[in-house]
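> Fold the following.
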Amino acid sequence: MSKIKLTVILSLFIDILGFTIIIPALPNLVTYYNTTYFVISLWITLFSFFWLFSTPILGALSDKYGRKPVLLISIFTDVIAYFLIWLSGSVRIYLIARVVSGIAAWNISTAQSILSDISKDQKDRTSNLWIFWAVFWIWFIIWPALWGLLLNFGIKTPFLISMILCIINIVAIIFRLPETNKIKNKILKIKVNIIHIFKDMFVSKEKKYYLIFLIVNLAIMVYQMSFTLYLYQHFGISWEQSWFILAGFGLIMAINQWLLLKKIWLKRFSNKALVSISLIWMIVCYTWAFFFHSLIPVVWLIAVSAIFQWIFRPVFQNIILWDNDNIGLINWNIASISNLTNIFWPIIWGYLIGVWISPFGIVAVLIAIAYIYSKRVCPTKLA
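Now for the predicted structure:
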């Protein structure tokens, strides 16, 4: 594997670490700051809100000036945010740090743009984009053990470790990562008007594909960010037990992403076929999960659906990027769409759990809408 890919993998791993490692510590942070769950959970909303507005701007900057400087700025901002949280005992500083981080983070979109830059062809780009999802699921395998280990050394330890890893990542990028954007768009205008940014997103030629991605991502996030709560409410599965279930998912996903991608999925199926197969299987699995009321069938159905979910994402992202020079802008638009769903999923799930409704029925309906729309509106690009 090239040094560029290794450096990008390190960046992705640290970025996912910084975002997800805080989630298990939320109950402990409530006690530490002597506040409420609502106040502590605001970090997700604040991060997502500010990231939503900043990502298209940063994507355009990476197209104009290069991936490397944008990536370095983003990671340096994370260092500042983690340092503020680690140093201060104030919940206000904690929330301000999440705003700071949200303004110039997440690094994933820039990393995906780098992987797109170094791709030799369309299938190679899909394969490279798949690296992110493999890293994501490998992280789920080690998360439970790492979280328990770090908290033994204090509630602030995860933030300190994240800060140190970000500093290591900055050094690695400076010395090991060359600039991959060889066709910088020097005449690209950077729009700071928020209305114009989202107008471009939804009136561009990619708008139909953005809508499909939005619907699928919203459907997935409804269950994904609340799966452990669902397991606890319906089956009495504790947090520790549920994360070992997710670790099992991670192992399955890692095998699928690293071993089966080139040998089966990309070798035997076209992009159009993979999109259709993925959406259909997700519809089937979530529909069955809605009607089942026992733990083992639900877990297996979600595991199978997750395989096709992570097939769909990189393949469809590659379709959106097809024959387009503004790779950075598109990747950051996709990130903004994903982040938009992060703002709305707590509202949706909060209502569902209040009335004891399984989320899987709504997920199946949303994905079915996305499938029908993709077949009727996007026949050319999916061919």
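> So what's the residue count around residue 244?
14 (other C-beta atoms under 10 Å). In short, each C-beta sits where N, CA and C put it, glycine included.
> what do you get for residue 252?
Residue 252 has 16 neighbours, counted by other C-beta under 10 Å.
> For residue 235, see how far away it is.
From residue 252 over to residue 235 the distance is 20 Å, taken as C-beta to C-beta, to the nearest Å.
> Where does residue 180 sit, in terms of helix or strand?
For residue 180, there is no enclosing helix or strand under DSSP states H and E.
> count of neighbours near it?
A count of nearby residues for residue 180, using other C-beta under 10 Å, gives 18.
> Now the spatially most central residue of the chain: closest residue in space that isn't a chain neighbour?
The centroid of the chain falls nearest to residue 338 when counting by C-alpha atoms, centre = their mean (7.0 Å). Spatial nearest neighbour of residue 338, excluding adjacent residues (C-beta to C-beta, 6 or more residues apart in numbering): residue 217 at 5.3 Å.
> The one you found against residue 335, yeah?
No: here residue 217 does not reach residue 335: they are 10.5 Å apart, not a contact under C-beta atoms under 8 Å.
> Spit out the residues that contact those two alike.
Counting by C-beta atoms under 8 Å, 6 or more residues apart in numbering, residue 217 and residue 335 have no common neighbour.
> and residue 177, what is it in contact with?
Residue 177 touches 3-4, 7-8, 68, 71, 114, counting by C-beta under 8 Å, 6+ apart.
> least confident pick among those?
Taking the contacts of residue 177 together, the minimum pLDDT is found at residue 3 (81).
> from what I can see that residue touches residue 176, true?
Yes: using C-beta under 8 Å, residue 3 is in contact with residue 176, at 5.3 Å.
> what's the burial count for residue 34?
Look at residue 34: counted by other C-beta under 10 Å, it has 7 neighbours.
> Would you mind stating the distance between it and residue 97?
Remark: distance between residue 34 and residue 97 (C-beta to C-beta) = 18 Å.
> Then residue 159?
Distance, residue 159 to residue 97, by C-beta to C-beta: 9 Å.
> anything in contact with each of these two?
Common contacts of residue 159 and residue 97, defined by C-beta under 8 Å, 6+ apart, comprise 82, 85.
> Let me see the confidence value for residue 131.
Listed pLDDT for residue 131 reads 68.
> number of nearby residues for residue 268?
Neighbours of residue 268 using other C-beta under 10 Å come to 9.
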